[in-house]
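Q: next come a sequence and a model predicted from it.
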Amino acid sequence: MFKESSPAKDPDSPESETRPEFNPSSTDTTATTNPSTVQTAIDSDSLEATTFESASSEVTSAAADLPPERFNSLDELTHDLGSLHELSTRGSWQAILEKIAQARALFLLTKPHEHLTYLTYQVMALVKLRLSDEAVHELNSLHDFDGTHYRYESFPEIYPNRKGSMVPFSLRWLYALIPTKLGNRQEGLDRLYVLLDFVRDRIRDKESQNLDDSVELWKKRETFVMSCLLGFHLGHKEFGVSLDLIKELINRDPLDPVLISKLGSVQMQFGDIEGAKATFDRVEKMLNEGKSNGLLDETQFKNLVGRNKALVYVVAKDYVSAVKVYDECIERDNSDAIAVNNKALCLMYLRDLSDAIKVMENALERVPTAALNESLVVNLCSMYELAYVNHTDVKRTLNNWIARVAPDDFDSSSTRV
């Protein structure tokens with residue numbers, strides 16, 4: 001198995017679905033071989049997994065308080081920005097650092113906002129490569145984000161008739177994220193709430209100026225920060241504040257089936273099974289009536305509804321029925337990593353380790369771009385430990401294959417070799 005190498009992988013992760021008794025954002029890769037310790041879902045409820053790619057897009061979408069002028073390509077905003085963005089979507093973070101170093105060495109960055117944009121990609125790459133101390137050093141070199149030296153009007157000869165901050169929103173978000181990477185969760189939470197206040201101040205300011213496009217942009221950022229906070233609180237089983245955040249987000253977008261499904265999952269965490277079923281029925285009704293906010297295509301929507309149904313079966317320990325529903329999801333979309341992962345886990349709970357392992361291995365070989373996820377690999381390796389006496393050799397083979405095909409930021413320690 002795992003003989004063919006593949007191109008660099010897209011680091012995108014699917015949304016999370018978890019059984020009530022498990023932490024949806026656990027990043028622990030030291031699970032024992034007790035089946036009860038195996039993670040039960042792709043753990044992208046965590047802050048990083050749900051937001052990093054969105055933040056990467058934010059660097060290129062708008063680097064200032066005002067939307068950028070119309071442009072034909074990303075490179076019109078900043079030197080070779082399209083190349084950096086393309087590398088980020090492939091998880092080629094080391095190549096990004098090399099390209100940034102080269103651009104600086106050749107003095108290719110000529111405008112103040114270009115330096116800030118490249119610095120944002122540099123900090124993001126350092127964080128993805130788990131070099132958080134270096135990322136902190138780069139951030140500390142900036143001093144005050146809101147200083148006059150980071151405002152367009154301070155350089156009228158370069159930016160005529162333009163006002164506002166040139167600090168990319170993603171850089172402010174990374175500043176909030178960094179403490180959590182260094183083990184200081186509370187400071188990270190405090191910074192995120194400060195960032196949320198900052199965003200809401202900008203919304204009020206833009207509304208007072210009747211700048212509708214900017215208001216829309218900053219409201220999207222407000223939702224982004226709230227989603228980050230939701231990931232943090234869910235990851236630490238702080239369900240009360242999580243419910244408040246989910247309900248506020250749903251009030252903003254009552255046609256978001258993913259968010260409503262997440263509400264159902266949280267209700268299950270509370271033990272409100274009937275409430276969760278009613279919430280999942282609401283999502284299915286949206287599918288049948290063709291109501292959605294356009295985030296999902298028909299197949300994705302059907303699979304979301306299917307996975308919701310399967311989750312109810314899993315909670316009731318009806319693993320046979322859950323497997324059937326997950327099979328339907330995989331038949332519709334064989335790259336549905338959540339369905340693959342959770343089907344394998346149901347098979348494991350049915351004491352069919354052999355088939356469970358085959359399900360995961362086949363997915364990794366067939367659609368590595370979608371299936372190569374740390375949580376799935378942790379689960380697979382836990383199954384190896386349960387199934388094989390010589391599990392170290394099997395895991396080493398998997399680890400070598402991952403080294404050839406995974407993006408730069410993949411955590412190789414998930415194989416526990």
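A: Received the coordinates, thanks. Residues are numbered from 1 along each chain as shown.

Q: for this protein, which element, helix or strand, carries the lowest mean pLDDT?
A: Counting by mean pLDDT, DSSP states H and E, the weakest-scoring helix or strand in the chain turns out to be helix 47-61, with a mean of 46.

Q: quick check: next helix or strand after it?
A: helix 81-89 (DSSP states H and E).

Q: against which helices or strands is that next one packed?
A: In terms of contacts (3 or more C-beta pairs under 8 Å, 6 or more residues apart in numbering; DSSP states H and E), helix 81-89 is packed against helix 47-61, helix 93-105, helix 112-128. From N, CA and C alone the C-beta is placed, and that goes for glycine too.

Q: compute the inter-axis angle for the helix or strand where Glu138 lies and helix 93-105.
A: Using DSSP H and E, Glu138 sits in helix 132-140. Between helix 132-140 and helix 93-105, the angle comes out at 40 degrees (axes from the mean of the first three to the mean of the last three C-alpha atoms, to 10 degrees).

Q: how about stretch 257-275 as PDB, C-alpha atoms only?
A: C-alpha atoms of stretch 257-275 as PDB (Å, rounded to 0.1, in the frame of the first residue of the first chain):
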ATOM      1  CA  PRO A 257     -27.000  24.300   6.900                       C
ATOM      2  CA  VAL A 258     -23.500  23.700   8.200                       C
ATOM      3  CA  LEU A 259     -23.900  26.000  11.100                       C
ATOM      4  CA  ILE A 260     -27.400  24.700  12.000                       C
ATOM      5  CA  SER A 261     -26.000  21.100  11.900                       C
ATOM      6  CA  LYS A 262     -23.300  22.200  14.300                       C
ATOM      7  CA  LEU A 263     -26.000  23.500  16.600                       C
ATOM      8  CA  GLY A 264     -27.500  20.000  16.500                       C
ATOM      9  CA  SER A 265     -24.100  18.500  17.400                       C
ATOM     10  CA  VAL A 266     -23.700  20.900  20.400                       C
ATOM     11  CA  GLN A 267     -27.200  20.000  21.500                       C
ATOM     12  CA  MET A 268     -26.100  16.300  21.600                       C
ATOM     13  CA  GLN A 269     -23.100  17.300  23.700                       C
ATOM     14  CA  PHE A 270     -25.600  18.700  26.200                       C
ATOM     15  CA  GLY A 271     -27.500  15.400  26.000                       C
ATOM     16  CA  ASP A 272     -30.500  17.100  24.300                       C
ATOM     17  CA  ILE A 273     -31.000  14.300  21.800                       C
ATOM     18  CA  GLU A 274     -34.600  15.200  20.900                       C
ATOM     19  CA  GLY A 275     -33.600  18.800  20.400                       C
END
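
Q: quick revisit: who are the packing partners of the helix holding Glu138?
A: Contacts defined by 3+ C-beta pairs under 8 Å, 6+ apart place helix 132-140 against helix 112-128, helix 169-181.

Q: identify each buried residue in it, please.
A: Neighbour-count burial for helix 132-140 flags Ser132, Glu134, Ala135, Val136, Glu138, Leu139 (criterion: 16 or more other C-beta atoms under 10 Å).

Q: give the rounded mean pLDDT of it.
A: For helix 132-140, the mean per-residue pLDDT is 94.

Q: got the contact list for that helix?
A: Helix 132-140 is contacted by residues Leu119, Gln122, Val123, Leu126, Val127, Leu171, Leu174, Tyr175, Ile178, Lys181, Leu182 when judged by C-beta atoms under 8 Å, 6 or more residues apart in numbering.

Q: hey, where'd the helices end up in the stretch 201-350 of the chain?
A: 212-235, 239-252, 257-269, 273-288, 298-315, 319-332, 337-349 (DSSP state H, counting those that start in this stretch).

Q: deepest-packed of these, please.
A: By mean neighbour count, with neighbours taken as mean count of other C-beta atoms under 10 Å, helix 337-349 ranks first of the helices of the stretch 201-350 of the chain at a mean of 26.

Q: and the nearest residue to Val312 once chain neighbours are set aside, what's its pLDDT?
A: Using C-beta to C-beta, 6 or more residues apart in numbering and skipping the chain neighbours, the partner closest in space to Val312 is Lys277 (6.1 Å). Note on Lys277: pLDDT of 96.

Q: check the one 4 residues further on too.
A: The predicted local confidence for Asp281 comes out at a pLDDT of 97.

Q: distance of Ser412 from Leu353?
A: Ser412 is 24 Å from Leu353, where distance means C-beta to C-beta, to the nearest Å.

Q: neighbour-wise, which of those two wins?
A: Leu353 (17 against 14; other C-beta atoms under 10 Å).

Q: so what's Leu192 up against?
A: Applying C-beta under 8 Å, 6+ apart to Leu192 gives the contacts Ala176, Val225, Cys228, Leu229, Phe232.

Q: equivalent analysis for Thr110, please.
A: Neighbours of Thr110 in contact, by C-beta under 8 Å, 6+ apart: His79.

Q: ok, Thr279 next?
A: By C-beta under 8 Å, 6+ apart, the contact set of Thr279 is Ile260, Ser261, Leu263, Gly264, Gln267.

Q: these two touch, right, the second one and Phe280?
A: Yes. Counting by C-beta atoms under 8 Å, Ser261 sits close enough to Phe280 to count as a contact (6.9 Å).

Q: which neighbours do the two have in common?
A: What both Ser261 and Phe280 touch, as defined by C-beta under 8 Å, 6+ apart, is the set Asn308.

Q: pLDDT weak spots in the chain?
A: 1-77 (pLDDT under 70).

Q: swap in 80 and give it another go.
A: Scanning the chain for pLDDT under 80 picks out 1-79, 292-293.
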